[in-house]
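> Predicted model, plus sequence, below.
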Amino acid sequence: MSTVGSANSSSRTSIVNAFDLIVCPICSKEFHNLQNLNNHLDVDHNLADHANTTSPSIPTNGLGETPKKKRGIKRSHWKTPRRDKDNLCHDCGGTLTKPTGMVNCPKCGELYCKRHCKNIMKLNLDAEYDVNNGSWYNCCYACFSSRPGYNDFGASVDLTFKFEKLRSSKSEDKRLRLLQLENRLVRLIDGIISIYENYKGSLLMQFRMNTAIFNFECSVAPWKDDLATTECNICGQKFTVLLRKHHCRLCGNVVCDDESTNCSTNIPITSLIQQAQNLPFQKANATDLSDADLKLRICRQCIETVFIGRKFALDIQAAKSAILQKYESISNLSGAIVASLPEFMSLLRKIEGNKEENELSNENDLRNLSKLREKLLKLFATYSTLNRQINACYPKNNSERRIQEAIQITASQFINDNVLPLKAIPSALNPAAYDARQDQNFGESKKLSSVLNKLTIKEVKEYREELMVLKEQIFILEESLTNAKIQRKFDEVTILHTNLKELNDRVKEIQDMLGDEGFL
Amino acid sequence: MLQFKLVLLGDSSVGKSSIVHRFVKDSFDELRESTIGAAFLAQTIKIKDTETQEDIDIKFEIWDTAGQERYKSLAPMYYRNANAALVVYDLTQKNSLSKAMSWVDELKSKVGDEDLVIYLVGNKLDLCDNVENRGGKEQEEEENKRVVTTQEADSYAKDQGLLFAEISAKTGQGVKEVFQTIGEKLYEIKKPELLAKKNREYGRNSSEAVDINIQRPNTNDPTSCCS
């Protein structure tokens, strides 16, 4: 605020008062606070959005306050404080005294202490909630929260209808314009073709035909007076001997034909017909135009209006490129993952909650959890395969390359974000392996990479070997465990038991890693 | 009673299992089969507190891993969370020392615990010529001569901050001492922790003692079925 003040005014005094002065950006008038400035802008510079938005309570430097605003809000329903008894706050029930203050909620009229009448909302002069024509008032919480559209995050106002209305008038205009241009195009092409048919076959008639076409073209669209025009209506370049004036045959506008700006183009009739096949041309298809040199000059704006929609429709109908096809399936997949993650998370939380309370987790839950996890891991594997396939595609053009890069970034982000919860699971499945967590995390990250990059043959071999060794070890330990039990060495039993669990975890981990490659 | 996890690592046939058996069962088997996976043994020793002179029981939870390459993947399961590691090499096998060195490296890189006690142990001292008290019989067996000098291993151990000893599982020379040293060292490391624990549980007589009072229904209760 201070920088604005000192920057805009050079006078010494305003620098001194920079802290409490705001300068109007239009007329450099100084104000003491933002409200005054806003008021000034609304009234003096006519910048108000609505006539009624400014609050009547704000002083306006004596300028332009309408008599309507001077009428206060309806007060007939306001309760008057009782003199014979203590007045109580309608919200907190406390006695209303000087320090607490005593105010009426302008909407319901009840008495409140100041603390409980602080929720601002817009009321109109009849003390009704009104977003559009109201002004701000301090209201009680009951009125504040009971207004339509209120939720805990604030009020929501449905503006869709308004927006649609605004937009429909515009799109209506656009549609009408398109219809007009299309009709002109059909008439032009049909007319030109019939003229061509009349004069066809005679070289001598070429000149007369051109004249006839010219006259006809002038009659279809209202050509603008080219004498009054000195510059191109699209690019604004001045017409010279070299930069000739041209009329767009569809809208009649005067435009140049500068190739660098593409303001107008002489387009062969045949290609126009081809691009707008759904238009009701009468003679286009009946007549052979292959050796006719018939062209129409159309400006850039008309080309856009008439043909861009068609081109877009064609693009949509055309077969998708490989990258986009893959993208479709990858986004389906991510949808499936996102859909099943919440279930997984809630199950995981439930099981972890059980563990914290030292309750045995439901066998079923555990099984479901591991099943879900397996499914998710599979989905992720497919996801990453698809992602790789997308990366392997050769982009046809620059924008495809950018799409490819974007997909790649999103995909890796997605994997990073969503594979993480899967890490939490081994501890849930094996409560004893808490102390082994660090190593497990290590193993998990390995697993992650194994999901992302398919295992090489060598890795598969190594993991199988490790699996075999682990199974052997488990067998040995189980034997010594029974021995220890027989010999009543219970401290050894616990140690062996813990180790056995660790081994089983590791086996599970490797089996997960191997997935379909596992054999045991 | 203090309990420590101890793991034996080293190349195959350097005598890890023999050392453990000498320590636990005080026996030696000439024809020991090679270990499969990892064997578990437990042994309790007594050490003296240097200040209070009271006896302290230390129980070693010993994991004797197989030295064969095939079982290498098992080792991390056992040296993880270990308090001490006995890295064994054969005094008569040159490359067993380099193998031991690679084990030391692995331990240092994979085990985050600063308190891990690593003991470098050269085994089969009985086959070496500098042992004075060996019988005349072995003197004739010239093929099993010492190839790793004491100095070489010792300097490496000093370099890496390891404990070092040359022992013989066959004669039992130095075996007990090794475990004794480990016990003392671990006790030294854990002592501040134990004292802190003791202070926290001030009032109890033996903080280390395991509470053996299992919760069970009071048999004096007339409503109980166990009367």
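Sure thing, it's come through.
> use CA for all of it now, contacts and neighbours both
Noted.
> need the residues of chain B near chain A, please.
When proximity is defined by CA under 8 Å from any CA of the partner chain, chain B lies next to chain A at B:Ile36, B:Gly37, B:Ala38, B:Ala39, B:Phe40, B:Ala42, B:Arg70, B:Tyr71, B:Ser73, B:Leu74, B:Met77.
> helix or strand right after the helix or strand hosting A:Val338?
Under the assignment given by DSSP states H and E, the secondary-structure element containing A:Val338 is helix A:322-356. Proceeding N to C from helix A:322-356, the next assigned helix or strand is helix A:363-392, under DSSP H and E.
> which helices and strands sit right next to that following helix?
Here helix A:363-392 touches helix A:322-356, helix A:398-423, helix A:437-452, going by 3 or more CA pairs under 8 Å, 6 or more residues apart in numbering or on different chains; DSSP states H and E.
> Please look at B:Ala157 and B:Ala165 and confirm they touch.
No - contact between B:Ala157 and B:Ala165 fails when scored by CA atoms under 8 Å: they sit 9.6 Å apart.
> Find residues that contact each of those two.
Contact criterion CA atoms under 8 Å, 6 or more residues apart in numbering or on different chains; residues shared by B:Ala157 and B:Ala165: B:Leu120.
> and the one helix or strand B:Met101 maps to, which residues are buried?
If you go by DSSP H and E, B:Met101 is part of helix B:94-110. Within helix B:94-110, the residues scored as buried using 16 or more other CA atoms under 10 Å in any protein chain shown are B:Ser96, B:Leu97, B:Lys99, B:Ala100, B:Met101, B:Trp103, B:Val104, B:Leu107.
> follow-up on the earlier one: between the helix holding A:Val338 and helix A:363-392, how big is the angle?
Per axes from the mean of the first three to the mean of the last three CA atoms, to 10 degrees, the angle that helix A:322-356 makes with helix A:363-392 is 160 degrees.
> Let me know the average pLDDT across helix A:322-356.
Averaging the model's pLDDT scores along helix A:322-356 yields 81.
> got it, and stretch A:181-197?
Averaging pLDDT along stretch A:181-197 gives 87.
> Now it - C-alpha only, CSV.
Output in CSV follows, covering the C-alpha atoms of stretch A:181-197 (Å, rounded to 0.1, in the frame of the first residue of the first chain):
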residue,chain,number,x,y,z
LEU,A,181,-22.6,-18.2,-44.5
GLU,A,182,-23.4,-21.8,-45.3
ASN,A,183,-26.5,-20.7,-47.3
ARG,A,184,-24.4,-18.2,-49.2
LEU,A,185,-21.8,-20.8,-49.9
VAL,A,186,-24.4,-23.2,-51.3
ARG,A,187,-26.0,-20.5,-53.4
LEU,A,188,-22.6,-19.3,-54.7
ILE,A,189,-21.4,-22.7,-55.7
ASP,A,190,-24.6,-23.8,-57.3
GLY,A,191,-24.9,-20.5,-59.2
ILE,A,192,-21.3,-20.6,-60.4
ILE,A,193,-21.7,-24.1,-61.6
SER,A,194,-24.8,-23.4,-63.5
ILE,A,195,-23.1,-20.4,-65.1
TYR,A,196,-20.2,-22.6,-66.0
GLU,A,197,-22.6,-25.1,-67.5
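> which residues touch it?
Contacts with stretch A:181-197, where a contact means CA under 8 Å, 6+ apart, come from A:209, A:212-213, A:216-217, A:220-221, A:250-251, A:269, A:279-284, A:287, A:302, A:306.
> Buried among those residues? Make that a PyMOL selection.
Entered in PyMOL, the line below selects the buried ones among the contacts of stretch A:181-197, by 16+ other CA under 10 Å:
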select buried, chain A and resi 209+212+213+216+217+220+221+250+251+269+281+284+302+306
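> Please narrow the contacts of stretch A:181-197 to those residing in helices.
Secondary structure assignment (DSSP state H) places A:Met209, A:Ala212, A:Ile213, A:Phe216, A:Glu217, A:Val220, A:Ile269, A:Cys302, A:Val306 from the contacts of stretch A:181-197 within helices.
> Identify the residue spatially nearest to the third one, adjacent ones excluded.
In other words, A:Ile213. Take A:Ile213 and drop its neighbours on the chain: the residue closest to it by CA to CA, 6 or more residues apart in numbering or on different chains is A:Ile192, 6.1 Å away.
> Could you do the second one as well?
Distance criterion CA to CA, 6+ apart; nearest residue to A:Ala212, sequence neighbours excluded, is A:Ile195 at 7.3 Å.
> quick check, the one you found in a helix?
Yes - with DSSP: H, G, I helix; E, B strand; the rest coil as the criterion, A:Ile195 is assigned to a helix.
> A:Leu324 versus that one, what's the distance?
Per CA to CA, to the nearest Å, A:Ile195 is found 47 Å from A:Leu324.
> quick one: average pLDDT of the helix or strand harbouring A:His40?
Per DSSP H and E, A:His40 falls inside helix A:34-44. When pLDDT is averaged along helix A:34-44, the result is 80.
> Can you give me the buried ones in it?
Of the residues in helix A:34-44, those buried under the neighbour-count criterion (16+ other CA under 10 Å) are A:Asn36, A:Leu37, A:Asn38, A:Asn39, A:His40, A:Leu41, A:Asp42, A:Val43.
> would you turn the residues you listed into JSON lines with distance to A:Ile337?
Putting the buried residues of helix A:34-44 into JSON lines (distance: CA to CA, whole Å) gives the following:
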{"residue": "A:Asn36", "distance to A:Ile337": "55"}
{"residue": "A:Leu37", "distance to A:Ile337": "54"}
{"residue": "A:Asn38", "distance to A:Ile337": "51"}
{"residue": "A:Asn39", "distance to A:Ile337": "54"}
{"residue": "A:His40", "distance to A:Ile337": "56"}
{"residue": "A:Leu41", "distance to A:Ile337": "54"}
{"residue": "A:Asp42", "distance to A:Ile337": "53"}
{"residue": "A:Val43", "distance to A:Ile337": "57"}
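> Which of the three states applies to the closest residue to chain B within chain A?
When CA to the nearest CA is the measure, chain A has its nearest residue to chain B at A:Gln473, with 5.2 Å between them. Per three-state DSSP, the secondary structure class of A:Gln473 is helix.
> Next: B:Ala85.
On the three-state scheme (three-state DSSP), B:Ala85 is labelled strand.
> and it, how many neighbours?
As a burial measure, the neighbour count of B:Ala85 was computed by other CA atoms under 10 Å in any protein chain shown and equals 24.
> Which phi and psi values does A:Lys295 adopt?
phi -130, psi 160 (degrees, to the nearest 10).
> Now do the helix holding B:Met101, average pLDDT.
pLDDT averaged over helix B:94-110 equals 90, rounded to a whole number.
> Equivalent analysis for stretch B:160-178, please.
The average of the pLDDT scores along stretch B:160-178 is 91.
> ok, and for that stretch, which residues are buried?
Within stretch B:160-178, the residues scored as buried using 16+ other CA under 10 Å are B:162-176, B:178.
> Neighbours of the closest residue to chain A within chain B, how many?
Distances from chain B to chain A, computed as CA to the nearest CA, single out B:Gly37 as the nearest residue at 5.2 Å. Other residues within reach of B:Gly37 by the criterion other CA under 10 Å amount to 26.
> separation between it and A:Ile510?
B:Gly37 is 17 Å from A:Ile510, where distance means CA to CA.
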